[in-house]
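> sequence first, predicted coordinates after that:
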Amino acid sequence: MKIDFSGLESTAPLCGANSEMFDGISTSPSFQIPDTTDFDDFQKEAIQMVKPAKGTTTLAFIFKEGVMVAADSRASMGGYISSQSVKKIIEINPYMLGTMAGGAADCQFWHRNLGIKCRLHELANKRRISVTGASKLLANILYSYRGMGLSVGTMIAGWDEKGPGLYYVDSEGGRLKGTKFSVGSGSPYAYGILDSGYRYDMTVEEAAELARRSIYHATFRDGASGGVASVYYVGPTGWKKLSGDDVGELHYMYNPVEPTVVEQEMSEA
Amino acid sequence: LASTMTKQQANWSPYDNNGGTCVAIAGADYCVIAADTRMSTGYSILTRDYSKICKLADKCVMASSGFQADVKALQKVLSARHLIYQHQHNKQMSCPAMGQLLSNTLYYKRFFPYYSFNVLGGLDTEGKGCVYTYDAVGSYERVGYSSQGSGATLITPFLDNQLKSPSPLLLPAKDAVTPLSETEAIDLVKTCFASATERDIYTGDKLEIVVLNADGIRREYMELRKD
């Protein structure tokens, strides 16, 4: 029975020492690989150590005025909330944003790397990189590490010469262009609110409120989402943070507690 | 044929967990970093007097729990990089810069991680206290206080209750540093460890506290339960 090794062949830089010898093109920094016989199980153990931000709700949508991006801020490790203040919307450069879902370190590192590549593109070509180009750069990097355990589910949102742009990119190597996305364990709930309230011709305030409510409802029903609902707007002059509200406080804003009239009980005891 | 093709299980792990807990609290013009000094393996204590705290730069101190061999290697790498920085830039590295360096150093071993849970404490370029908290592969964020290690799940809820710094994500932005004074923060840290020692077997023996402020760096010790 021939063993199927096709899954192991990848274009990723493999053993740090060999990559320079195989081809002169070394793409990314060569990562040190552990010297074990069982790479997969070792990776599973290594992944357990990583702070997984799988419990998450992030969303982004394009509308008439630009792109609206929103996310929660909770990071959970199993049942333990490891942080309530994770920055899940990453500022790649003044006119492009990336969202974080999956491995926090993976998202942070590769978004920063993408920002560097975008800046190099600007310097080399004397013009800003398009959202299409930026998302392709990221998708190609993630594809080359496919199967090695990276966990990234991100949306690249920006404004370039063609107007507002939104792409979904993940660590499986997928890249989708779209007008509305939600990623994470809370995404079904967010889609419910987003799909029913969405109109292309909303104002910035209406779109921000829709995004905020979607995140709030997702945090309400999904245990792995919570913390602070951040809302960013990307327009022709770049991105701007519109709001950051604690979802606990949003709950009482959306569901105000009416003071109940207590009937007179046992006035004469 | 299938029975001879079972996957080989690794019978040796390159990692070990030496236990311990670290805490850091950022104040308006100071930063307190503390860690216990117990080093264990399994149910045995290797030593009661091991420092988990390392001064990386004049205004930057790191405390790490986890696998101390990886911690030692990480400290060496960061110290060496800091020396190179000083040669190239003729100045000390700021705490935010060291924060980014630590993140990148951890991520470069993404597929064979440093088993090290770090807390970085110091003063930022404006002289305000800053604390950065990390996971094993380099994701990090600036916070008002943080705890890592075996006693973290015991200490963090207590610090949430006592300090509850507003999230840095809120808009309008609120200051994350605690309004407590330096002595109050040190007392709080001592209380944290006294409690964690009661309920965590890997925390105890002695508490090492490092305080960074405009006057420099100061070190203090407190005895903890040795059982």
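Nice, I can see it.
> enumerate the residues of the stretch 51-200 of chain A near chain B.
By the rule C-beta under 8 Å from any C-beta of the partner chain, the part of the stretch 51-200 of chain A lying against chain B is A:51, A:53, A:73, A:80, A:82-87, A:103-109, A:148-150. (Each C-beta comes from the backbone N, C-alpha and C, glycine too.)
> taking these one by one, which sit in strands?
A:53, A:80, A:82-83, A:103 (DSSP state E).
> need the worst-confidence member of those residues.
Ranked by pLDDT, those bottom out at residue A:53 (44).
> what comes up buried for the lowest-mean-pLDDT helix or strand in chain B?
Taking mean pLDDT, DSSP states H and E as the measure, the helices and strands of chain B show their lowest mean at strand B:140-143, namely a mean of 92. If you call a residue buried by 16 or more other C-beta atoms under 10 Å in any protein chain shown, then strand B:140-143 has these buried ones: B:140-143.
> first-to-last residue distance for stretch A:169-187?
16 Å (C-alpha to C-alpha, to the nearest Å).
> export the biggest helix by length in chain B as PDB, just CAs?
Assignment by DSSP state H gives helix B:68-89 as the longest helix of chain B. Output in PDB follows, covering the C-alpha atoms of helix B:68-89 (Å, rounded to 0.1, in the frame of the first residue of the first chain):
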ATOM      1  CA  GLN B  68      12.500  28.000  32.300                       C
ATOM      2  CA  ALA B  69      15.000  26.600  29.800                       C
ATOM      3  CA  ASP B  70      13.100  28.300  27.000                       C
ATOM      4  CA  VAL B  71      12.700  31.400  29.200                       C
ATOM      5  CA  LYS B  72      16.500  31.500  29.700                       C
ATOM      6  CA  ALA B  73      17.100  31.200  26.000                       C
ATOM      7  CA  LEU B  74      14.500  33.900  25.200                       C
ATOM      8  CA  GLN B  75      16.100  36.300  27.800                       C
ATOM      9  CA  LYS B  76      19.500  35.700  26.200                       C
ATOM     10  CA  VAL B  77      18.200  36.400  22.700                       C
ATOM     11  CA  LEU B  78      16.500  39.600  23.800                       C
ATOM     12  CA  SER B  79      19.500  40.900  25.800                       C
ATOM     13  CA  ALA B  80      21.800  40.300  22.800                       C
ATOM     14  CA  ARG B  81      19.400  42.100  20.500                       C
ATOM     15  CA  HIS B  82      19.200  45.000  22.900                       C
ATOM     16  CA  LEU B  83      23.000  45.200  23.000                       C
ATOM     17  CA  ILE B  84      23.000  45.400  19.200                       C
ATOM     18  CA  TYR B  85      20.300  48.100  19.300                       C
ATOM     19  CA  GLN B  86      22.400  50.100  21.700                       C
ATOM     20  CA  HIS B  87      25.500  49.800  19.400                       C
ATOM     21  CA  GLN B  88      23.400  50.900  16.400                       C
ATOM     22  CA  HIS B  89      21.300  53.600  17.900                       C
END
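> the helix or strand just after that helix - contacts with which helices or strands?
Remark: after helix B:68-89, the chain's next helix or strand is helix B:95-107, criterion DSSP states H and E. When contacts are defined as 3 or more C-beta pairs under 8 Å, 6 or more residues apart in numbering or on different chains; DSSP states H and E, helix B:95-107 packs onto helix A:104-125, strand B:53-57, strand B:60-66, helix B:68-89, strand B:116-123, strand B:129-134, strand B:140-143.
> what average pLDDT does helix B:95-107 get?
Helix B:95-107 comes out at a mean pLDDT of 97.
> helices along the stretch 151-269 of chain A, start to end?
A:187-197, A:204-221, A:247-254 (DSSP state H, counting those that start in this stretch).
> in TSV, list those helices along with mean pLDDT.
TSV is the format used below for these (pLDDT from 0 to 100):
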stretch	mean pLDDT
helix A:187-197	95
helix A:204-221	96
helix A:247-254	94
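> and these: which comes nearest residue A:165?
Residue A:165 lies closest to helix A:204-221 among the helices of the stretch 151-269 of chain A, at 16.2 Å (C-beta to C-beta).
> so which bits of the closest one are buried?
For helix A:204-221, a neighbour-count test (16+ other C-beta under 10 Å) marks A:204, A:207-220 as buried.
> and what of stretch A:78-91?
Residues A:81-91 are the ones in stretch A:78-91 that count as buried (16+ other C-beta under 10 Å).
> that stretch: end-to-end distance?
Stretch A:78-91 has an end-to-end distance of 28 Å (C-alpha to C-alpha).
> contacts for that stretch?
A:51, A:53, A:56, A:58, A:69-76, A:97-101, A:104, A:107-108, A:111-112, A:226-228, A:230, A:232, A:239, B:133, B:135, B:141, B:143, B:153, B:167-169 (C-beta atoms under 8 Å, 6 or more residues apart in numbering or on different chains).
> can I get the helices and strands packed on helix B:95-107 in JSON lines including distance to residue B:178?
Converted to JSON lines, the helices and strands packed on helix B:95-107 look like this (distance: least, C-beta to C-beta, whole Å):
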{"stretch": "helix A:104-125", "distance to residue B:178": "24"}
{"stretch": "strand B:53-57", "distance to residue B:178": "20"}
{"stretch": "strand B:60-66", "distance to residue B:178": "18"}
{"stretch": "helix B:68-89", "distance to residue B:178": "26"}
{"stretch": "strand B:116-123", "distance to residue B:178": "13"}
{"stretch": "strand B:129-134", "distance to residue B:178": "8"}
{"stretch": "strand B:140-143", "distance to residue B:178": "11"}
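> ok, which of those comes nearest residue B:104?
Smallest distance to residue B:104 across these (C-beta to C-beta): 7.5 Å, for helix A:104-125.
> just checking, next helix/strand downstream of the closest one?
Assigned by DSSP H and E, the successor of helix A:104-125 is helix A:131-144.
> count of neighbours near the nearest residue to residue B:86 once chain neighbours are set aside?
Distances taken as C-beta to C-beta, 6 or more residues apart in numbering or on different chains put residue B:92 closest to residue B:86, at 6.6 Å, once the chain neighbours are dropped. Residues near residue B:92, counting by other C-beta atoms under 10 Å in any protein chain shown, number 16.
> got the contact list for residue B:92?
When contacts are counted by C-beta under 8 Å, 6+ apart, residue B:92 touches B:57-59, B:82, B:86.
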